[in-house]
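Peer 1: Sequence and predicted structure below; questions after.
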Amino acid sequence: MYKRLFPIALAVTVGGGYSLTAFSQVKPQTLVKQRQAAMTLQGKYFYPLLNMVRGRIPYDANAAVRNAAYLDALSKMPWDGFAPNTKDAKSGALPAVYTDTVKFKENQDRLQSEVAKLVAVSKGGSEPAIKAQIEAVDKACGSCHETFRERQ
Ligand code: HEC
């Protein structure tokens, strides 16, 4: 019995230790690349929704459901890439990311909560309600970029 449990306990301990130190072991430039990739994918799945709202492409309720679900996961991914050891790495992040961490976190939370609302309303909500929520997500992207991302 104990013999069988031991390797599991060990695996849990090692796994826990790894997750605590994982990001300090990854090269800053790799973290930057990964967080930019997560942002790029958010763009891939969000901008078509915005284009529907703007009337640039036809409205497609199924695409709203699918892309909202992808964004639900993607909107959680970039943030651990803004680790302190990336402070001096070349990127589009403004220094405020590392100094105004409370506000940066608030902006992350706002995005995640607006995306969660989009997931909910995309499932059977009316077209105007879905479009309004796409606008709300757009504002959450934009207001963070305003303060924390270099002007393009
Ligand atoms: C909490 C702040 C924050 C939110 C919210 C946010 N972004 Fe970003 N975004 C950033 C920062 C900071 C960068 C620059 C990152 C870098 O260069 O390392 C960035 C960069 C990007 C980039 C460029 C990636 C690259 O390859 O350089 C895209 C595209 C992007 N964001 C799209 C989005 C979209 C779409 C949303 C909303 C669905 C969003 N972002 C929400 C902070 C945010």
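Peer 2: Nice, I can see it. Since the structure is predicted, the reported quantities are computational estimates derived from the model, not experimental observations. Numbering: from 1, shown residues only.
Peer 1: confidence score at the most centrally placed residue in the chain?
Peer 2: Nearest to the geometric centre of the chain sits residue 75, at 2.3 Å (Cα atoms, centre = their mean). In the predicted model, residue 75 carries a pLDDT score of 98.
Peer 1: Counting neighbours, what do you get for the residue lying closest to it once chain neighbours are set aside?
Peer 2: What sits nearest to residue 75 in space, not counting adjacent residues and going by Cβ to Cβ, 6 or more residues apart in numbering, is residue 115, at 4.7 Å. Placement of C-beta: from N, CA and C, glycine included. Other residues near residue 115 come to 26 when the count uses other Cβ atoms under 10 Å.
Peer 1: And residue 115, how close does it get to residue 95?
Peer 2: Going from residue 115 to residue 95 by Cβ to Cβ, to the nearest Å gives 27 Å.
Peer 1: ok, now residue 146?
Peer 2: Distance from residue 146 to residue 95, counting by Cβ to Cβ: 15 Å.
Peer 1: again with residue 35
Peer 2: Residue 35 sits 16 Å away from residue 95, going by Cβ to Cβ.
Peer 1: Check which helices and strands the longest helix that the chain contains sits against.
Peer 2: When the chain is parsed with DSSP state H, its longest helix is helix 28-53. Using 3 or more Cβ pairs under 8 Å, 6 or more residues apart in numbering; DSSP states H and E, the elements in contact with helix 28-53 are helix 61-74, helix 127-148.
Peer 1: let's see 10 Å
Peer 2: With contacts taken as 3 or more Cβ pairs under 10 Å, 6 or more residues apart in numbering; DSSP states H and E, helix 28-53 sits against helix 61-74, helix 101-122, helix 127-148.
Peer 1: Using JSON lines, lay out those together with distance to the ligand.
Peer 2: Shown next, in JSON lines, are these (distance: least, Cβ to the nearest ligand atom, whole Å):
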{"stretch": "helix 61-74", "distance to the ligand": "6"}
{"stretch": "helix 101-122", "distance to the ligand": "4"}
{"stretch": "helix 127-148", "distance to the ligand": "3"}
